[in-house]
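Chemist: model this:
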Amino acid sequence: MTQPSGIDDATLVAEAASGSDVAFRTLYRAYVRPVYWLAHRLVGNASDAEDVTQETFLAAWRKLPGLELAGESLLPWLVTICRFQSANRIRRQQRDRTHTTAAAEETLPATIDVEQQVIDADFASRIVREVAHLSALDRDIFRLCATEGYAYQAAADELGISHGVVRNRLSRIRTRLRTSLEESS
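Modeler: Numbers count the residues shown, from 1 in each chain. Purely as a prediction, here's the structure:
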């Protein structure tokens, strides 16, 4: 193909291979649109097509020093590079989706039981309402032991009371909650 400047592709390829940015830019401007549209047809969206187009011209730039142009146009060679770049991108995306899906499946519960979540939320609300009726000391014992996971002695030390008081009161709190929740069910 003869470029608008009147220079053929073979001359521009030779100049670009020798390091001429102007020659490569001329080739880029002449072929960027057909390469982009081919990439778009192959990968299916504008963003990936832009990336493949850039990757195609980057690969072409690197390979120009060893290129002997077989015909008048550089386009068939760029089309071949574009096809390889598109195929690589599609394979990479499929591999990423497979790995992402596998990772997501490992972290997700096997099933999400919405009914059980509603029941659990209702149950938790009832517990909160019952705990609100406890004395301040009993609420603190419940909070430390049942909610925050303190051991009896740690809760006793935190509250300035004995281990036995925490143990006995927590036992009564649990019994009261259990009875109250069974009655309201």
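Chemist: neighbours of residue 25, how many?
Modeler: Using other CB atoms under 10 Å, residue 25 has 12 neighbouring residues. Quick note: C-beta positions are derived from backbone N, CA and C, even for glycine.
Chemist: what of residue 34?
Modeler: Other residues close to residue 34 by other CB under 10 Å number 14.
Chemist: beyond the helix or strand bottoming out on mean pLDDT in the chain, next helix or strand please.
Modeler: The weakest-scoring helix or strand in the chain, judged by mean pLDDT, DSSP states H and E, is helix 114-132 (a mean of 71). Next along the chain after helix 114-132, taking DSSP states H and E as the criterion, comes helix 136-142.
Chemist: what helices or strands is that following helix leaning on?
Modeler: helix 114-132, helix 152-159, helix 163-184 (3 or more CB pairs under 8 Å, 6 or more residues apart in numbering; DSSP states H and E).
Chemist: show me what the longest one is packed up against.
Modeler: I take that to be helix 163-184. Helix 163-184 packs on helix 114-132, helix 136-142, helix 152-159, going by 3+ CB pairs under 8 Å, 6+ apart.
Chemist: could you export those to TSV, including columns for mean neighbour count and distance to residue 52?
Modeler: Below are the helices and strands packed on helix 163-184 laid out as TSV (neighbours: other CB atoms under 10 Å; distance: least, CB to CB, whole Å):
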stretch	mean neighbour count	distance to residue 52
helix 114-132	11	42
helix 136-142	16	61
helix 152-159	17	61
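Chemist: out of the helices and strands packed on helix 136-142, the one nearest residue 138 is which?
Modeler: helix 163-184 (5.5 Å; CB to CB).
Chemist: for the strand or helix carrying residue 98, buried residues please.
Modeler: Using DSSP H and E, residue 98 sits within helix 75-107. Neighbour-count burial for helix 75-107, with 16 or more other CB atoms under 10 Å as criterion, is recorded at 75, 77-79, 81-82, 85-86, 89.
Chemist: also stretch 158-169?
Modeler: 166-167, 169.
Chemist: pLDDT on it, on average?
Modeler: Averaging the model's pLDDT scores along stretch 158-169 yields 92.
Chemist: distance from the chain centre to it, please.
Modeler: 48 Å (CA atoms, centre = their mean, to the nearest Å).
Chemist: kindly report the same for stretch 122-136.
Modeler: That offset, for stretch 122-136, works out to 39 Å (CA atoms, centre = their mean).
Chemist: contacts for that stretch next, please.
Modeler: Stretch 122-136 is contacted by residues 139, 142, 173, 176-177, 180-181, 184 when judged by CB atoms under 8 Å, 6 or more residues apart in numbering.
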